[in-house]
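**Q** Dropping a prediction and its sequence here:
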Amino acid sequence: MALDTLLLYDIDKIRKDFPILNERINGKPLVYFDNAATTQKPASVILALKSYYETMNANIHRGIHSLAEKATAEYELTREKVREFINSPASDLIIFTRGVTESVNLVAQSYGRAFLKAGDEVIISTMEHHSNIVPWQMICNEKGAILKVIPINDAGELLMDEYDTLLSSRTKIVSVVHVSNALGTINPVKEIIAKAHEVGAVVMIDGAQAASHSYIDVQDLDADFYALSGHKFYGPTGIGVLYGKRELLDKMPPYMGGGEMIKEVSFAKTTYNDLPYKFEAGTPNIADTIALRKGIEYMEAIGFEAIAEHEHVLLAHATNMLTSFPDVKIIGTANQKVSVCSFTIEGVHPQDIGIILDSEGIAIRTGHHCTQPLMDRFGIPGTARASFALYNTKEEVDQLGKGIEKVLRMAK
């Protein structure tokens with residue numbers, strides 16, 4: 001990254017764009033390191049929500065009055081923005097959901113129910129979020145399919161040789177996380193997809209943690225399905241995305257029935273709507289969908305290279321700080337990872353770490369992070385997780401270090 005680009009990264013200006021960073025917690029300035037759970041929202045996203053309800057609140061697609069037409073246009077502009085954001089070949093391949101959880105369930109219950117049969121195999125990995133485990137367990141149990149798991153090494157990296165061994169003509173679906181929420185590991189998803197395609201399997205990618213850190217190009221990856229959660233990349237909660245290849249989405253039955261997903265309804269027969277509306281039953285989350293566009297635009301205005309460089313500096317600084325404490329162990333030391341530091345402190349429960357840090361105004365996440373099988377792999381009940389975003393600073397990381405010093409003092 002060029003020096004002039006680094007100098008243009010105005011962290012003070014960026015922080016002013018996020019109103020919540022002015023909050024005080026327990027009398028201390030907020031240090032927000034829970035970004036892997038949800039990122040904070042810039043003022044432009046908050047304003048978009050307010051503007052929708054004040055100036056265009058109406059149901060979309062079916063109305064011919066001015067408010068409905070305005071709301072519909074804004075809603076569909078977000079679909080086009082998402083298409084650009086992930087380089088989808090067409091906007092009608094962008095399906096709005098509530099988030100990655102719903103997106104994975106949609107694929108499992110629609111594609112999986114339609115095309116899995118007894119004896120088929122589904123492959124996931126050890127580091128999956130529960131939302132990319134349980135839906136596959138459910139459909140495998142229903143269809144008599146077999147769920148297989150890619151193991152990891154002690155650094156938190158997939159054992160790709162073991163993945164090669166798991167793949168066979170019986171493999172029908174591979175579903176893996178792009179970036180681990182608990183470890184920060186960046187998985188080689190392009191390679192995973194290519195190998196799955198060699199045996200005729202389709203691939204679902206959980207991109208929840210990837211979208212705030214790097215470019216996503218579903219065509220370059222050759223992903224069959226790719227899922228996003230808006231609140232992970234500076235957008236509102238309750239809005240997500242499922243991208244799918246046309247030839248797959250066309251042959252999948254609807255996940256839910258109701259309004260909007262139909263063309264004609266009679267008591268004898270119903271015909272379904274075209275993509276993407278076939279999978280968008282009912283009144284959608286209009287306001288949050290419109291505001292999602294502002295979150296994407298905010299990241300684009302800063303630039304992903306600048307964001308990645310800033311977050312890499314924070315990750316390196318935090319890693320050096322954490323490893324300076326003899327009783328602190330980082331869980332997840334992959335060569336390729338995003339700005340997530342999960343750690344344990346010998347003799348201290350993760351929940352106690354979180355409580356003490358909160359008393360200092362520092363927000364982290366503690367527990368198993370909806371990855372219980374992963375915690376079992378490391379033989380721990382959970383971790384303390386500090387995750388960094390584009391608005392965090394090295395000074396805040398230093399405050400985390402002082403907070404850990406307080407934890408160690410109180411634990412002895």
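**A** Arrived safely, thanks for sending. Residues are numbered from 1 along each chain as shown.
**Q** So for stretch 274-283, what gets flagged as buried?
**A** Using 16 or more other Cβ atoms under 10 Å as the test for burial, stretch 274-283 gives 275-281. Where you see a C-beta, it was placed from the backbone N, CA and C, and this is true even at glycine.
**Q** now, which of the residues you listed sits nearest Arg79?
**A** Using Cβ to Cβ, Pro276 is the member of those that sits closest to Arg79, with 7.5 Å.
**Q** which residues does the closest residue to that closest one other than its chain neighbours contact?
**A** Take Pro276 and drop its neighbours on the chain: the residue closest to it by Cβ to Cβ, 6 or more residues apart in numbering is Ile95, 4.5 Å away. Contacts here follow Cβ atoms under 8 Å, 6 or more residues apart in numbering; on that basis Ile95 touches 103, 106, 241-244, 249, 275-276, 279-280.
**Q** Is Ile95 within a helix or a strand, and which one?
**A** According to DSSP states H and E, Ile95 maps onto strand 94-97.
**Q** same question, Ala196
**A** Per DSSP H and E: Ala196 is located in helix 189-198.
**Q** ok, the closest residue to Lys28 other than its chain neighbours - contacts?
**A** Nearest non-adjacent residue to Lys28, counting by Cβ to Cβ, 6+ apart: Gly361, 3.0 Å away. The neighbours of Gly361, taking Cβ under 8 Å, 6+ apart as the test, are 24-31.
**Q** and the strand holding Ile95, which strands flank it?
**A** Paired neighbours of strand 94-97 in the sheet (DSSP bridges): strand 240-244 (antiparallel).
**Q** Which parts of the stretch 251-400 of the chain are strands?
**A** Along the stretch 251-400 of the chain, counting by DSSP state E, counting those that start in this stretch, strands occupy 262-265, 270-272, 328-331, 340-345, 362-363, 365-367, 383-387.
**Q** Turn those strands into TSV, including distance to Leu47, mean neighbour count and mean pLDDT.
**A** Compiled in TSV, those are given as follows (distance: least, Cβ to Cβ, whole Å; neighbours: other Cβ atoms under 10 Å; pLDDT from 0 to 100):
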stretch	distance to Leu47	mean neighbour count	mean pLDDT
strand 262-265	35	12	67
strand 270-272	37	12	73
strand 328-331	38	19	98
strand 340-345	29	25	98
strand 362-363	24	22	98
strand 365-367	28	20	94
strand 383-387	26	29	98
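**Q** Ok, which of those comes nearest Val149?
**A** The closest of the strands of the stretch 251-400 of the chain to Val149 is strand 328-331. By Cβ to Cβ, the value is 18.7 Å.
**Q** In the contacts of Ile95, find the pair that's most separated.
**A** It's Ser103 and Leu275 that sit farthest apart of the contacts of Ile95, by Cβ to Cβ, at 14.8 Å.
**Q** Mind pulling up the pLDDT for the residue of the chain positioned farthest from its centre?
**A** Centroid-distance maximum for the chain: Ala268 at 40.9 Å, with Cα atoms, centre = their mean. On pLDDT, Ala268 comes in at 76.
**Q** same deal with Met1?
**A** Met1 is given a pLDDT of 38.
**Q** Tell me where the protein is predicted with low confidence.
**A** Within the chain, the segments meeting pLDDT under 70 span 1-7, 259, 261-263, 265-266, 412.
**Q** can you list the domains in it?
**A** Using automatic domain parsing, the domain parsing of the chain gives 3-32+303-411, 47-300.
**Q** can you put these in a markdown table and add distance to Thr38?
**A** As requested, those are arranged in a markdown table below (distance: least, Cβ to Cβ, whole Å):
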| stretch | distance to Thr38 |
| --- | --- |
| domain 3-32+303-411 | 10 |
| domain 47-300 | 5 |
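**Q** and among those domains, the most buried is which?
**A** Comparing these by mean neighbour count (mean count of other Cβ atoms under 10 Å), domain 47-300 comes out on top with a mean of 19.
**Q** And what about Asp154, helix, strand or coil?
**A** Of the three states, Asp154 takes coil under DSSP: H, G, I helix; E, B strand; the rest coil.
**Q** For it, give its distance to Glu300.
**A** 37 Å (Cβ to Cβ, to the nearest Å).
**Q** Isn't Glu74 up against Thr55?
**A** No. In this structure, Glu74 is not within contact of Thr55 by Cβ atoms under 8 Å, at 9.9 Å.
**Q** follow-up on the earlier one: for Thr344, state which of the contacts of Gly361 is nearest.
**A** Closest to Thr344, out of all of the contacts of Gly361 and judged by Cβ to Cβ, is Val31, at 20.2 Å.
**Q** ok, the residue lying closest to Ile307 once chain neighbours are set aside - contacts?
**A** Closest residue to Ile307 apart from its sequence neighbours, by Cβ to Cβ, 6+ apart: Leu390 at 4.8 Å. When contacts are counted by Cβ under 8 Å, 6+ apart, Leu390 is found next to 14, 212, 299, 302, 307, 310-311.
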